[in-house]
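**Q** sequence first, then the predicted structure, then my questions.
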Amino acid sequence: MNEPVVFLPGMMCDARLFAPQLADLSRDRVVSVAPITQGDRIEDIAAAILPVLPDRFALAGLSMGGIVAMELLRKAPERITRIALMDTNALAETPASAAAYEPLIIGAKAGRLEDVLRDMMQPDFLAPGAQRMGVLNAFLGMGMDLGPDIFINQIRALQRRRDQQATLRKCKCPALVMCGEHDGLTPLKRHAFMAELIPYAQLEVIPNAGHLPTLEAPEAVTRALRDWLRQPLVLRG
């Protein structure tokens, strides 16, 4: 049996973010989605889900899910058979960027979560085209279902996240670093940087996609994930 795959969704997203990939991959392997909603620190979120994950598993995280995935890799590298980091960021927040989140928290507490989510996921973070509004609306639907309390906890976790460059340098499993070519939130240069840190990492740029390529270009993402899952577990120089 192939190793199971665990997906970690982005901020204010749930399993719907990976619906096309779950439908495809579940035909021949065990797949699941773990929530990143339990705690207001990245370390606490990772600690909450680690005990219920398989003994060994392939791990794929998008955006904030990728940040949690890197923390799981730091905490339990022996349990992760391979890792896919999608539209994410290995760096810690700067004091200025952490402070820039505060108006979002104020807005969520004031009952303006939908407005805050629209500010957070701007249209130009996604690829241009007819699918853009549908993807934005899907994101808003997930975010509104999760609600303001989870939003605030996730913002606090992002504000305090650690730098994971050292974790990536120590990675010894097959790694895929994926980015939508139009990602205006975590651009390609950050992913090229991450791929350079990880020994033998594969960098994959998804055409006609932005920050949420699993929904914007689902077939291309699924193909890239299947190629990653076929890579031998023993890396060769």
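**A** Happy to help now that I have it. Numbers count the residues shown, from 1 in each chain.

**Q** and the top helix by length along the chain, how far out from the chain middle?
**A** Taking DSSP state H as the criterion, the chain has its longest helix at helix 132-146. Relative to the centre of its chain, helix 132-146 is centred 16 Å away, using Cα atoms, centre = their mean, to the nearest Å.

**Q** flag every buried residue along the helix or strand that that helix is followed by.
**A** Note on helix 132-146: by DSSP states H and E, the next helix or strand toward the C-terminus is helix 148-159. By 16 or more other Cβ atoms under 10 Å, the buried positions in helix 148-159 come out as 148, 150-159. All C-beta spots, glycine's among them, are computed from the backbone N, C-alpha and C.

**Q** for residue 182, give me its contacts.
**A** Neighbour list for residue 182: 126-128, 208-210 [criterion: Cβ atoms under 8 Å, 6 or more residues apart in numbering].

**Q** check residue 190 too.
**A** 89-91, 179.

**Q** at 7 Å instead, please
**A** Residues near residue 190 by Cβ atoms under 7 Å, 6 or more residues apart in numbering: residue 89.

**Q** same check, this time on residue 15
**A** Taking Cβ under 7 Å, 6+ apart, we find residue 15 in contact with 9, 22, 33.

**Q** the second one: neighbour count?
**A** Residues contacting residue 22 under the criterion other Cβ atoms under 10 Å number 18.

**Q** for residue 39, see how far away it is.
**A** 24 Å (Cβ to Cβ, to the nearest Å).

**Q** sorry, back to before: in TSV, list the buried residues of helix 148-159 along with pLDDT and distance to residue 56.
**A** TSV is the format used below for the buried residues of helix 148-159 (pLDDT from 0 to 100; distance: Cβ to Cβ, whole Å):
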residue	pLDDT	distance to residue 56
148	98	36
150	98	29
151	98	32
152	98	34
153	98	29
154	98	27
155	97	32
156	97	31
157	98	26
158	97	28
159	97	32
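
**Q** setting the sequence-adjacent residues aside, check what's closest to the spatially most central residue of the chain.
**A** What sits nearest the mean C-alpha location of the chain, by Cα atoms, centre = their mean, is residue 62, with 1.6 Å. Nearest residue to residue 62, sequence neighbours excluded (Cβ to Cβ, 6 or more residues apart in numbering): residue 86, at 4.2 Å.

**Q** contacting residues around the one you found?
**A** Contacts of residue 86 by Cβ under 7 Å, 6+ apart are 60-62, 66, 178, 213.

**Q** let me know the helix or strand that residue 114 is in.
**A** Using DSSP H and E, residue 114 falls within helix 113-120.

**Q** tell me what that helix is packed against?
**A** helix 102-109, helix 132-146 (3 or more Cβ pairs under 7 Å, 6 or more residues apart in numbering; DSSP states H and E).

**Q** chain center to the helix or strand of the chain with the lowest mean pLDDT: distance?
**A** The helix or strand of the chain with the poorest confidence is helix 95-99; it has a mean of 92 (mean pLDDT, DSSP states H and E). Relative to its chain's centre, helix 95-99 lies at 21 Å (Cα atoms, centre = their mean).

**Q** equivalent analysis for stretch 210-225, please.
**A** 12 Å.

**Q** stretch 103-120 now?
**A** 21 Å.

**Q** that one: which residues count as buried?
**A** Neighbour counts over stretch 103-120 (16+ other Cβ under 10 Å) mark 104-105, 107-108, 113, 116-117, 120 as buried.
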